[in-house]
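**Q** Predicted model, plus sequence, below.
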Amino acid sequence: MLERINNWPEINGNTNLEKITLDTIKLKQLNGLQYENPVITNKCLHLKVCFELKEFEVQINNNQPFVCKICNQNAQQYSDLMWDIRNHAYEEFHEFVDEIHIIYGCMVNKYQRNKKYIDLFTKFGIKEHFLKLIRQRDYQTNLKSLIEKNVFQQKAFQLYCLLDFIKINIPIRIKGCLHFECYEFTSLLYYQQNNQQNQNIFQCIYPGCEIHLNISSLDTFFDGIVVDQELLKEIKKNNPTSIIFNIEQETKTIIQNTYFPFSEILTQYSNKYNQQFTELQQLELQTRFNQVLQSITQSNLLLDKPQLKQNLSQSTISLQLQDNLVDQITKLKMELPTRCIKCIDFNNSIDLLTYVFDFVFKKQIDNKQKYSCPLCNQTQNQIMAIDNLNKYIYIDQFLLLKLIKQKNDNNVLQSECDFFESYFNNLSYENNVIETVIFDTYSLLNHATKVRYKNPALTRKCLHRKTCFEFKEALQQIQQQKLYQCPHCDQQATNLDDLVQDWRVEAYKEFYEEVDEVTIIKGIMFNKCCRNKSKNLNFFTQSKYDKQFKQIFERVENDMQIVSLIRRDLQQQQIQNNNNKIIFLCFCLLDKVKINIPVRIRGCQHYECYELTSLLYFQDQNRKTIQYLECKQPFCSNRLRIAHKNYSIQSESYNSKELDEQQKILDIQTLFSGISVDLDLLNVIKKSNPSSFKFYYNKKTENIEEDINKIDGKVVDPFIIKFYEQHPELQKKMHYQEFQKIILQQIILVDQGDLLQVDRDICKKLALYKYRNFQVNMIDKLTQLTIEYPVRCKLCPNLEVCMDIRSYIAQFIYFKKMFPTKGYVCPLCNQQLGQYILPMKIQNYIYLDPNILSYMFKDMSYTNGINIFEYKGEQYLWQEFNYRYKIKREDYVSDLYQRQVVFRQLFCNFNKELRIQQPLILQQCPYRIIVDFKSFYQELTKINFDLEKQGLILCRCNYCHSNPIKVIAGQIYFHEAFYEALNKYYQIQDNNQNESHFTYTFADTERDSYIKTVQLILPLKINSQRENGSFWDMMSDEKYQSLFRGSEIQGYKFKLFAIKMQIIQIPIVLDKEGIHANIMYNFNQNINEELKKFQVCNKQELLQYYTLVKYLILLVVIQNSLQINEYLIIILYK
């Protein structure tokens, strides 16, 4: 049998405490009592459950093995046991404490506040700082030292955090503060981590205290604070509802102030409401009182009601306080002024403890009733049985601070911000720190606080770029200690001349206020590049691009700037727009990514331009195969030379690595010489939200501006706010601005992503839809707003359906927030994109439709209530032939040996019945066959536009039959010169539709070019009676009269007055009145034979004349009595 007490020392100390990161443990059993001697076995892994030591002893004394009922671990002797955590907790905590928090082995009263505060302990970098903080001892700023000094002559102090008036669990003091009121660690840390005002220096809130805390980083934050270990012990050993402590100057201790006479107030209420309570009921009432009070002191209703907080702040400013505020119910001194959220009279309040007692007493009487505020008499929304008082009442923290000020008779010191600002503005700016940066991305935020610096500074000798410090921090230390050492290096400053402004000062001026990171290339700042580094960004790390990149910023051309282009068009009245806005999109014409570095091809006159990284990647991949990049803007025929020579023609006999490198350098120089950076647009891009695509030229301000919607000075996206308002449950999870910021950040990743470059299936589908004719419903599925940025998922089979990117991502973020363990289904095609939404990255699943984007803003008719966008692929293809895939007129004419060309193919080779209107020439065909665009497009539709897979055979020759057309470029071209000739040919009235050819003479310009001959055979019936032997009246013959009417052909005016001719020695004159012929003798059969010869004479000889002549061959009859019923043959030539 084991000796009981003598063997207790064999029980091991608890080793699990330091293993606990963050957890809660109940100290009491289910019956509400504490354990007597809580233990566990050495091998027990459970932390929240234990057993009594006597359970072990009973089994051992009965010679039975002890087995833990929780985990089945064995214990045969005392050394197999260890004291449970509760054994230590009972020594430190008040007996009323039922549950505690353990944080990295440190036991504190349980936190009952919002989880976001508790989660701070799990954030990166907090653990090491917290452990160091909790272990250190500062005898200058502890409770005993403060009592000895008592600078403010305080007799009592409140255990409320000065920052947010939450009951303190872990008391924190700012080093240098001499007052007793202090801060709750989680409150101060949360402020440091989520400082919305970008204040890197925190000034102590206590009235009359002028101590500052540097919160710019975790290091400076933790270096500037200390845990009051003595006060922490007092908090743990006192009732968790203790709020006010009296200061005992003689004993140098503090004592809980039980200013609220619970028993007396209970008696007062019992008499008032005629209620009597048993001792057990009184105990239950006391317990409920403590519970409600504890829940209220661990929360602050004002944190979630900013408007109420603002109203309180304003009302307190003008409030005149009496020497002592008195509770209206108890008539005692009021320590914690409290009221409900429905109270509109801020001059009235009662003490917090009175309020809580009033609530629990009335709840004890009848919890089925709704509670009425004792100040304003307004009832709560629910009955007291299910209601929580902490949702309705609050402590007036502004009034409380004013009370503290009144007690201590100190004035709150005003901020010296203007003083610091004036000094900072006089510092010099050193930009040589970033001038040497080749390519890198830097944060504009303080790494610890995740907010921008207020006044970022460096010492003159600091060389680091990624970090800096607050000027105010440095100035304070120089003033106090005559020395400041940079926290990021060993450089020191002894006066203001040793400090300079950090490069971030200029970045804050140049970039949008919510930009967190920037990319620096050759010393120039841009929005962060989120593209694939190996494909799109590594160019900037190569020396061959260095000089060229710098030069395009040195030779900026003013006439190539967006503002200059728009002003030019306005002056020339080329913009038919009565609105004040001229809108354009900031997508790269090449690959539709959002532009960061805008460049233009020299000679382009349109507003849309290119992303430099896209051009560099295109050149790198294609310079050996094509020499020119045709501008992708519709209706623009400009092109950019991307190679200094045509490699397909000028092949080298050998190709060494050194030679190839030299050739590449020449190609890079060639590309950069053909582009110009648009600084106007670049500055606008940097000043705007990185997720913005749409910009406009404001005629009133004559500036380029971001096309955004603002409400009360804040950006409010119409799509995002509409979605947010549709989901009340989301509103409870996060604020709108936070929701919007997340969405806009995701948009940046999508519009700079490379899904279209890596997913060949999507590219294939887009190519098949590029030239189709179809309709798109432009009403967004989720918000019912008009789509501006069409997007769909990579699995969507129907490319005629889309959504707006903001709506799509809003739903994605919503599901990610509300249902993080579920999968995600595309709202368009209902296909599952991922089994679990949480790890999904939206940029890997959706893409902006480049086809629709290219044309939707050129035809805005769908915004006029139609809501249907007509995608005219056939028209777009014809435009591409006109501007890209064509044999240019000047090239065709320059290759001619003679300018006179006989065009012999007037009918489509593929469709023999179709007269050619829009000529396309098969470039590789040995016969250079011409087809009409209409036939070509019809054949495209038959193969579902899949040239690559099926190919087109438009000619029956062996070559074309063996080599179907797989791509347009290099295979089939628009014949611009033939198109010009056809247009003039078809404009001639009454031409012969059966003509097989015509001759066209090319001059230097289209205006001076002309049709050489056109043969027209018109059957002209003459039905006039011959009056005498020499004249036929033709005034009534419409066909005849049409010969003498004026006409115009290609700008030339013609009018026929008379025709003189001689036919078989008979002189004939034709004028408007009729036909004059001197017939004085008879004809014989030989004359008819001669006429027949004339009729079949060589017409080509007649066509050699250059002057316009109309010939009429008159078939003369022999006898006067016969009718003239023959045909008139007219030959018109120029």
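**A** Yep, that arrived. None of these values were measured; they are calculated from a predicted model. Numbering: from 1, shown residues only.

**Q** quick one, strands of the stretch 201-350 of the chain?
**A** Assigned by DSSP state E, counting those that start in this stretch, the strands in the stretch 201-350 of the chain fall at 201-203, 212-214, 225-227, 244-248, 253-256, 337-340, 350-351.

**Q** how about those in CSV, adding mean neighbour count and mean pLDDT?
**A** Backbone N, C-alpha and C define where each C-beta goes, glycine included. Below are the strands of the stretch 201-350 of the chain laid out as CSV (neighbours: other CB atoms under 10 Å; pLDDT from 0 to 100):
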stretch, mean neighbour count, mean pLDDT
strand 201-203, 20, 90
strand 212-214, 22, 91
strand 225-227, 23, 92
strand 244-248, 17, 84
strand 253-256, 17, 84
strand 337-340, 23, 90
strand 350-351, 24, 90
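
**Q** quick one: which of those is nearest Gln369?
**A** Among those, the nearest to Gln369 by CB to CB is strand 337-340 (16.0 Å).

**Q** Who does the closest one pair with, and is each partner parallel or antiparallel?
**A** Partner strands and pairing direction for strand 337-340 (DSSP bridges) are strand 350-351 (antiparallel), strand 393-395 (antiparallel).

**Q** Could you write out the alpha-carbon coordinates of it in CSV?
**A** Extracted as CSV, the C-alpha positions of strand 337-340 are listed here (Å, rounded to 0.1, in the frame of the first residue of the first chain):
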residue,chain,number,x,y,z
PRO,A,337,-21.5,56.2,-17.2
THR,A,338,-23.7,53.9,-19.3
ARG,A,339,-26.8,54.1,-21.5
CYS,A,340,-28.6,52.1,-24.2
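
**Q** coming back round to it: mind checking the strands of the stretch 201-350 of the chain for the one nearest to Gly13?
**A** Using CB to CB, the strands of the stretch 201-350 of the chain put strand 225-227 closest to Gly13, at 23.3 Å.

**Q** can you list contacts of that closest one?
**A** Residues from elsewhere that reach strand 225-227, judged by CB atoms under 8 Å, 6 or more residues apart in numbering: 133-134, 136, 138, 141-142, 170-175, 183, 185, 188, 213.

**Q** now the strands paired with strand 337-340 as JSON lines including distance to Leu162?
**A** Listed next are the strands paired with strand 337-340 as JSON lines, based on distance: least, CB to CB, whole Å:
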{"stretch": "strand 350-351", "distance to Leu162": "20"}
{"stretch": "strand 393-395", "distance to Leu162": "13"}
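
**Q** so which of those strands comes closest to Thr122?
**A** Thr122 lies closest, by CB to CB, to one member of these: strand 393-395, at 29.0 Å.

**Q** pLDDT of the closest one, averaged?
**A** Mean pLDDT, computed over strand 393-395, is 89.

**Q** picking up where we left off before, what's the closest of the strands of the stretch 201-350 of the chain to Lys817?
**A** Between the strands of the stretch 201-350 of the chain, strand 201-203 lies closest to Lys817; by CB to CB that is 30.7 Å.

**Q** so what does the closest one touch, helix or strand wise?
**A** helix 185-193, strand 212-214 (3 or more CB pairs under 8 Å, 6 or more residues apart in numbering; DSSP states H and E).

**Q** Now find how far off-centre that strand is within its chain.
**A** Distance of strand 201-203 from the chain centroid (CA atoms, centre = their mean, to the nearest Å) equals 33 Å.

**Q** Neighbouring strands of it in the sheet, and parallel or not?
**A** By DSSP bridges, strand 201-203 pairs with strand 212-214 (antiparallel).

**Q** sorry, back to before: out of the helices and strands packed on strand 201-203, nearest to Gly713?
**A** Gly713 lies closest to helix 185-193 among those, at 23.8 Å (CB to CB).

**Q** send the alpha carbons of the closest one over as PDB?
**A** As requested, C-alpha coordinates have been extracted for helix 185-193 and formatted as PDB (Å, rounded to 0.1, in the frame of the first residue of the first chain):
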ATOM      1  CA  PHE A 185      -2.700  43.800 -25.000                       C
ATOM      2  CA  THR A 186      -5.000  42.500 -27.700                       C
ATOM      3  CA  SER A 187      -6.600  45.900 -28.200                       C
ATOM      4  CA  LEU A 188      -3.300  47.700 -28.700                       C
ATOM      5  CA  LEU A 189      -1.900  44.900 -30.900                       C
ATOM      6  CA  TYR A 190      -5.100  44.900 -33.100                       C
ATOM      7  CA  TYR A 191      -4.700  48.700 -33.500                       C
ATOM      8  CA  GLN A 192      -1.100  48.300 -34.500                       C
ATOM      9  CA  GLN A 193      -2.000  45.600 -37.000                       C
END
